[in-house]
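Student: Sequence and predicted model, in that order:
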Amino acid sequence: MSAALEFRDVVAGYGDTQVLRGISGSLQSGQVLGVLGRNGVGKTTLMRALSGFIPLMEGEVGAAGLDLADVPPQHRLAAGMAYAPQEDTVFGDLSVSENLRLHLRTRDMSRYQPYFQAFPRLEERAAQRAGSLSGGERKLLSFTRTLGLLAPLSLMDEPTEGVQPENITKMAVLLRARCEAGAAFVVVEQNLSFLMQISDHVLVLDHGECVAGGPLALFTREKLESYLVV
Ligand SMILES: Nc1ncnc2c1ncn2[C@@H]1O[C@H](COP(=O)(O)OP(=O)(O)OP(=O)(O)O)[C@@H](O)[C@H]1O
């Protein structure tokens, strides 16, 4: 079986500057790869490189047997890859429901029912401009839209940033439910409890290099915390 995502020796950055220096990893359907590291070590850059928003300087990225090198970012969703960036996660001038319908070919919103149940404020504010939501609510909207796409593979950059703790617990449950259905995720997170709740494997970045990685079970919380200490 081909991996849900496989990346090998990824080198990427901005202009002539290399930020990532040879990052590799893979994950199977139904698994979560949690990416962690201190601020500025290259986590967002890795997500941009995997999603095609910045080109690879070297290396390979493939998903479900497909080489993604020549698939531009706007075609990646059709190729099975969803991406929720850290910032500018929703369209502020569109309503909450317009944001949720944007990529759907149907007006049927029933796929969002479990998310509306978990986050009733989203349904209450369905007609409201997404730009008028709080930062945490915008993150919940982005999370809901990303999971509602039902993509085989989703990349999410700090999905819990600004979200209230009780909703973070619900996010973990909803995300794992998608894994049960076979979806795979790469998730960048600073919230270690959330990351440990959702991840099967972890990848630790420091200064653009992978300094540790493997099954979550091999790492204690203290060990993972040590990678975040400045
Ligand atoms: N658009 C950009 N142009 C040039 N350099 C950038 C750009 N975005 C990020 N960088 C640089 O790349 C390096 C890695 O940044 P990146 O945002 O990937 O780190 P990060 O681990 O996601 O950090 P944080 O946790 O603060 O979001 C930093 O030195 C940053 O200044």
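Tutor: Done, it's in. Numbering: from 1, shown residues only.

Student: got the contact list for Val35?
Tutor: Lys43, Leu46, Met47, Val186, Val187, Val188, Glu189, Val202, Leu203, Val204, Leu205 (Cβ atoms under 8 Å, 6 or more residues apart in numbering). C-beta here means a position set from N, CA and C on the backbone, and glycine is covered the same way.

Student: Am I right that Lys170 falls within a helix?
Tutor: Yes. For Lys170, which was evaluated using DSSP: H, G, I helix; E, B strand; the rest coil, the result is membership in a helix.

Student: Nearest the geometric middle of the chain, what residue?
Tutor: When the chain is reduced to its mean C-alpha position, the nearest residue by Cα atoms, centre = their mean turns out to be Met156, at 1.3 Å.

Student: pretty sure it is touching Leu147, no?
Tutor: No. Taking Cβ atoms under 8 Å as the definition, Met156 is not a contact partner of Leu147, at 9.1 Å.

Student: Please list the outside residues in contact with the lowest-mean-pLDDT helix or strand in the chain.
Tutor: One helix or strand of the chain scores below all others by mean pLDDT, DSSP states H and E: strand 66-67, with a mean of 89. For strand 66-67, contacts defined as Cβ under 8 Å, 6+ apart pick out Glu60, Val61, Ala79, Gly80.

Student: Can you flag the buried ones in those residues?
Tutor: When those are checked for burial by 16 or more other Cβ atoms under 10 Å, the buried set is Val61, Ala79, Gly80.

Student: circling back to that earlier point, of the contacts of strand 66-67, which one scores lowest on pLDDT?
Tutor: Checking pLDDT across the contacts of strand 66-67, the minimum falls on Ala79 at 89.

Student: Thought Gly65 was touching it, still the case?
Tutor: No. In terms of Cβ under 8 Å, Ala79 does not count as a neighbour of Gly65; the distance is 11.0 Å.

Student: From Gln28, how far out is Pro159?
Tutor: 21 Å (Cβ to Cβ, to the nearest Å).

Student: Also Ser134?
Tutor: The gap separating Ser134 from Gln28 is 36 Å, by Cβ to Cβ.

Student: what about these two, which has more around it?
Tutor: With other Cβ atoms under 10 Å as the criterion, Ser134 and Gln28 differ in neighbour count, and Gln28 comes out ahead with 16 against 12.

Student: Just the pLDDT for that one.
Tutor: Reading off the confidence values, Gln28 has pLDDT 96.

Student: pretty sure it is touching Ser2, no?
Tutor: No. Gln28 is beyond contact range of Ser2, at 9.2 Å (criterion: Cβ under 8 Å).

Student: For stretch 43-53, the averaged confidence score.
Tutor: Across stretch 43-53, the per-residue pLDDT values average to 96.

Student: Mind listing residues that contact that stretch?
Tutor: 5, 7, 10, 12-14, 19-20, 23, 35-37, 54-56, 61, 68, 71-73, 76, 81, 83, 85-86, 155, 157, 186, 188, 205, 208.

Student: Report the buried residues of that stretch.
Tutor: Of the residues in stretch 43-53, those scored as buried under the neighbour-count criterion (16+ other Cβ under 10 Å) are Lys43, Thr44, Thr45, Leu46, Met47, Arg48, Ala49, Leu50, Ser51, Gly52, Phe53.
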